[in-house]
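Novice: just the structure for this:
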Amino acid sequence: MIRRVLFIIILSSLVASCGPAAAATEAPATEAPAATEPPATEFPLVVESSPTLEPSQTSTPEATLTPPATLTETPLPPLDLPTEIVNAPASLVWDGNPTYPGDSQPGYSFRVTYDPEVWALTNDQFGYPALGHRTIEYCVIAVTSGRGLPQNMTVEHDILYLEDVFYDVSVAYENGVKKFVAYIGGDKVIFTGFEVTFQDQSDQCLVDAETVLSTLRSVPTSQATPVP
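Specialist: Residues are numbered from 1 along each chain as shown. Okay, here's the model as predicted:
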């Protein structure tokens with residue numbers, strides 16, 4: 001009987017001693033790294049950002065959209081002038097229809113006289129008869145009936161009396177530079193317009209042009225010389 005009691009006491013003490021030891025092994029030290037693994041894997045996701053998105057939106061500056069140089073006009077080629085006539089007369093005539101027929105007497109044409117050594121009768125860039133200067137390139141006398149002007153152009157007006165004709169003169173400037181001069185007038189029978197254009201030597205071009213325009217007179221259309 002005493003042996004059984006001793007055996008039970010010894011057995012219970014062994015069970016008690018084994019219980020805590022097993023509990024101590026249930027919490028292995030290897031579980032501690034597992035607690036730190038989520039921050040290690042989640043940290044790149046937290047700091048991950050897209051800073052390059054901002055530069056991509058401003059990588060195309062709008063300053064390249066303003067090339068003012070493309071707005072400049074390309075000059076037209078000079079007029080093709082006929083070869084100077086050998087042993088030409090001292091003067092030739094240019095006859096044409098007045099550009100203001102409603103203000104002119106019907107049945108009349110205009111006539112101007114020019115020096116063939118200075119001027120040549122040809123066609124302008126629009127196919128209309130015109131006088132081209134032989135020594136001043138781009139100096140041209142052409143017919144006109146007026147036209148609109150852009151806002152960057154200003155006009156000065158004057159009255160000019162030449163021989164037996166009068167002209168309302170309009171001098172057009174673009175950004176302060178003289179571009180052309182229009183002469184609108186007549187001899188009280190016909191009323192017509194001329195426009196003198198130029199690029200260089202504008203003063204000499206206008207002097208030679210006004211020499212021609214001073215000869216303006218009306219002639220019966222039946223006596224007018226056809227323009228070739």
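Novice: from now on I want contacts and neighbour counts done on CA atoms only, so please keep to that.
Specialist: Will do.
Novice: show me where pLDDT drops low in this structure?
Specialist: Scanning the chain with the threshold set as pLDDT under 70 gives 1-76, 228.
Novice: what's around the nearest residue to Asp164 once chain neighbours are set aside, how many residues?
Specialist: Spatial nearest neighbour of Asp164, excluding adjacent residues (CA to CA, 6 or more residues apart in numbering): Asp187 at 6.5 Å. Residues lying near Asp187 (other CA atoms under 10 Å) number 17.
Novice: report the contact partners of Asp187.
Specialist: Taking CA atoms under 8 Å, 6 or more residues apart in numbering as the criterion, Asp187 is in contact with 164-166, 216-218.
Novice: ok, now with 10 Å
Specialist: 104, 110, 163-167, 216-218 (CA atoms under 10 Å, 6 or more residues apart in numbering).
Novice: which among those count as buried?
Specialist: For the contacts of Asp187, a burial check counting by 16 or more other CA atoms under 10 Å picks out 104, 110, 165-167, 216-218.
Novice: quick one, helices of this protein?
Specialist: 2-25, 31-47, 53-57, 202-213 (DSSP state H).
Novice: farthest-separated two in the contacts of Asp187?
Specialist: Greatest spatial distance among the contacts of Asp187 (CA to CA): Ser104 and Glu163, at 19.2 Å.
Novice: where exactly do the strands run in the protein?
Specialist: 92-96, 108-114, 119-123, 129-133, 140-143, 153-162, 165-174, 177-186, 191-197, 217-220 (DSSP state E).
Novice: the third one to helix 202-213, inter-axis angle?
Specialist: Between the axes of strand 119-123 and helix 202-213, defined by axes from the mean of the first three to the mean of the last three CA atoms, to 10 degrees, the angle is 80 degrees.
Novice: for strand 119-123, packing partners?
Specialist: Counting contacts by 3 or more CA pairs under 10 Å, 6 or more residues apart in numbering; DSSP states H and E, strand 119-123 is packed against strand 92-96, strand 129-133, strand 140-143, helix 202-213.
Novice: okay, the angle between it and strand 108-114?
Specialist: Going by the same axes, to 10 degrees, strand 119-123 makes 140 degrees with strand 108-114.
Novice: in its sheet, what does strand 119-123 sit against?
Specialist: strand 129-133 (antiparallel) (DSSP bridges).
Novice: what sits up against the strand it pairs with?
Specialist: Taking CA under 10 Å, 6+ apart as the rule, strand 129-133 contacts 78-82, 94-96, 114, 116-124, 138-143, 194-198, 205, 208-209, 212, 227-228.
Novice: among those, name the buried ones.
Specialist: 79, 94-96, 114, 116, 118-124, 138-143, 194-198, 205, 208-209, 212.
Novice: could you export stretch 145-165 as PDB, CA atoms only?
Specialist: The C-alpha atoms that make up stretch 145-165 are tabulated as PDB, following Å, rounded to 0.1, in the frame of the first residue of the first chain:
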ATOM      1  CA  SER A 145      -9.400 101.000-108.100                       C
ATOM      2  CA  GLY A 146      -8.500 101.000-104.400                       C
ATOM      3  CA  ARG A 147      -8.100  98.200-101.900                       C
ATOM      4  CA  GLY A 148      -8.400  97.500 -98.200                       C
ATOM      5  CA  LEU A 149      -5.400  97.800 -95.900                       C
ATOM      6  CA  PRO A 150      -4.300  95.700 -92.900                       C
ATOM      7  CA  GLN A 151      -4.500  97.300 -89.500                       C
ATOM      8  CA  ASN A 152      -0.700  97.700 -89.200                       C
ATOM      9  CA  MET A 153      -0.700 100.100 -92.200                       C
ATOM     10  CA  THR A 154      -1.200 103.900 -92.000                       C
ATOM     11  CA  VAL A 155      -2.100 106.200 -94.900                       C
ATOM     12  CA  GLU A 156      -1.200 109.900 -95.600                       C
ATOM     13  CA  HIS A 157      -3.300 111.800 -98.000                       C
ATOM     14  CA  ASP A 158      -2.400 114.700-100.300                       C
ATOM     15  CA  ILE A 159      -3.600 116.400-103.500                       C
ATOM     16  CA  LEU A 160      -1.200 116.600-106.400                       C
ATOM     17  CA  TYR A 161      -1.600 118.700-109.600                       C
ATOM     18  CA  LEU A 162       0.400 117.600-112.600                       C
ATOM     19  CA  GLU A 163       0.000 119.500-115.800                       C
ATOM     20  CA  ASP A 164      -3.700 119.300-116.600                       C
ATOM     21  CA  VAL A 165      -4.600 116.500-114.300                       C
END
